[in-house]
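1. what's the 3D shape of this:
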Amino acid sequence: MHDAASLPEDPVSIRDKLAFLDGLFHGAERIETHSAFVFLTADRAFKIKKPVLLPFLDHRSLAAREHACREELRLNRQLAGADVYLGLDALVLRADGALALGGVGRVVDWLVRMRRLPADRMLDAMLQSGRMPARQDIATVADRLVAFYRERRTDPPRPGVYLAHLLKESEINARHLLNLRDHLDGADIAGLAAQAQALIARHTAEIEDREAARLIVEGHGDLRPEHVCLTTPPVLFDRIEFATEMLMIDIFDEANYLGLECALLGAAWIGPLVMEVLRTAGFAAPSDGLLRTYGAFRCMTRARLSIDHLLDRQPRTPAKWPVQARAYLTRAAEMMNTGRLPAQHPG
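-> Predicted coordinates:
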């Protein structure tokens, strides 16, 4: 399932592509993610997709990787802007058998070219180093979300897509976590999964009402602190490009998700501030029960995505993922076993 080998149609292996790019971007930092490699030069970032099959994407063919790169460029220009997402570069195989970035030859892959953002202004890096962002910086991020969501409300998603995604992903969460429960120190996976699914079913009518009110939009899809850069103006980047249904999200589900991730990094005040800006801008908030449901769902999903790393042929940092998954499961249990939202205020 998680095979990174190139398909027979690919005349150049991913290993040879990476070796060429290492030489081309001499001295660049190479970062590996679950589905891509990113090369960081002094002022640019270049991303090449891995030729992998994962539960949520299939990038084994060149056509699939090209489509994903073009979608990444299109979607992220809507939020981060064309001055951050600069364009695409073709990796070509020349007639003499050498690789080149651009020029004449057979296209064997594509790279997304971006302006490099300052690492010390990434929200996750700031929080991990104990540097709290200014409240005004977070309010400015929230203002950018307000403008973005207003744009997206003019083109609402097809009815039922979001609810169907919540239900489908909840089933996947349950199945994957149960299959890997031996790595989770006896956590009551079955009980947690059943609770999470029951909460979604209990709030179906409210979700449908919010959909009718155009509070479910094509959002960021994966709004976490590592995708927020607190420059002036702030940049929100790395929207999901590989699964349309994952982009469809309740505005407050997305804001709450960002808040939950920030809370895990010691900044529990960020989520409430962002949501208050959204409310002040006229976006109706969900009930506390539905907000808890969204939070539990996101935590269960993040637990599943964490432990799924152990399915890779050669998992990176294998000791990390069970610890991370258990932390998310603990957070999900806290949300589902209380009659109110967990405290999210500093101090």
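
2. Quick one: find the helix or strand in the protein with the lowest mean pLDDT.
-> The least trusted helix or strand in the chain, going by mean pLDDT, DSSP states H and E, turns out to be strand 53-54, with a mean of 88.

3. and it, which strands flank it?
-> Its sheet considered, strand 53-54 pairs with strand 57-58 (antiparallel) by DSSP bridges.

4. which is the next helix or strand following the partner strand?
-> Counting by DSSP states H and E, the element after strand 57-58 in chain order, helix or strand, is helix 62-79.

5. Next, the buried residues of that next one.
-> 62, 64, 65, 66, 68, 69, 72, 73, 75, 76, 77, 79 (16 or more other Cβ atoms under 10 Å). All C-beta atoms are positioned from the backbone trio N, CA, C, and that covers glycine.

6. List the contacts of the third one.
-> If I follow you right, that is residue 65. The contact partners of residue 65, taken as Cβ atoms under 8 Å, 6 or more residues apart in numbering, are 49, 51, 59, 109, 110.

7. Just the element for the second one, please.
-> In this assignment (DSSP H and E), residue 51 forms part of neither any helix nor any strand.

8. Now residue 31: closest residue in space, sequence neighbours ignored.
-> Nearest-residue entry for residue 31: residue 38, 4.5 Å, with adjacent residues in sequence omitted and distances by Cβ to Cβ, 6 or more residues apart in numbering.

9. what ranges do the helices span in the stretch 51-200 of the chain?
-> With helices called from DSSP state H, counting those that start in this stretch, the stretch 51-200 of the chain shows them at 62-79, 123-128, 135-152, 161-179, 189-202.

10. and the ones you listed as TSV, adding mean pLDDT and distance to residue 29?
-> Output for the helices of the stretch 51-200 of the chain, formatted as TSV (pLDDT from 0 to 100; distance: least, Cβ to Cβ, whole Å):
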stretch	mean pLDDT	distance to residue 29
helix 62-79	97	20
helix 123-128	98	14
helix 135-152	98	25
helix 161-179	96	32
helix 189-202	95	37
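
11. out of the ones you listed, which comes closest to residue 302?
-> helix 161-179 (9.5 Å; Cβ to Cβ).

12. Using PDB, write down the CA coordinates of that closest one.
-> C-alpha atoms of helix 161-179 as PDB (Å, rounded to 0.1, in the frame of the first residue of the first chain):
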ATOM      1  CA  VAL A 161     -20.300  16.200   1.000                       C
ATOM      2  CA  TYR A 162     -19.000  17.500   4.300                       C
ATOM      3  CA  LEU A 163     -21.300  15.200   6.500                       C
ATOM      4  CA  ALA A 164     -20.500  12.200   4.300                       C
ATOM      5  CA  HIS A 165     -16.800  13.000   4.700                       C
ATOM      6  CA  LEU A 166     -17.100  13.100   8.500                       C
ATOM      7  CA  LEU A 167     -18.900   9.800   8.600                       C
ATOM      8  CA  LYS A 168     -16.500   8.100   6.200                       C
ATOM      9  CA  GLU A 169     -13.400   9.300   7.900                       C
ATOM     10  CA  SER A 170     -14.800   8.300  11.300                       C
ATOM     11  CA  GLU A 171     -15.200   4.700  10.000                       C
ATOM     12  CA  ILE A 172     -11.700   4.800   8.600                       C
ATOM     13  CA  ASN A 173     -10.400   6.100  11.900                       C
ATOM     14  CA  ALA A 174     -12.000   3.300  13.800                       C
ATOM     15  CA  ARG A 175     -10.700   0.600  11.500                       C
ATOM     16  CA  HIS A 176      -7.100   1.800  11.300                       C
ATOM     17  CA  LEU A 177      -6.800   2.500  15.000                       C
ATOM     18  CA  LEU A 178      -8.300  -0.900  15.900                       C
ATOM     19  CA  ASN A 179      -5.900  -2.600  13.500                       C
END
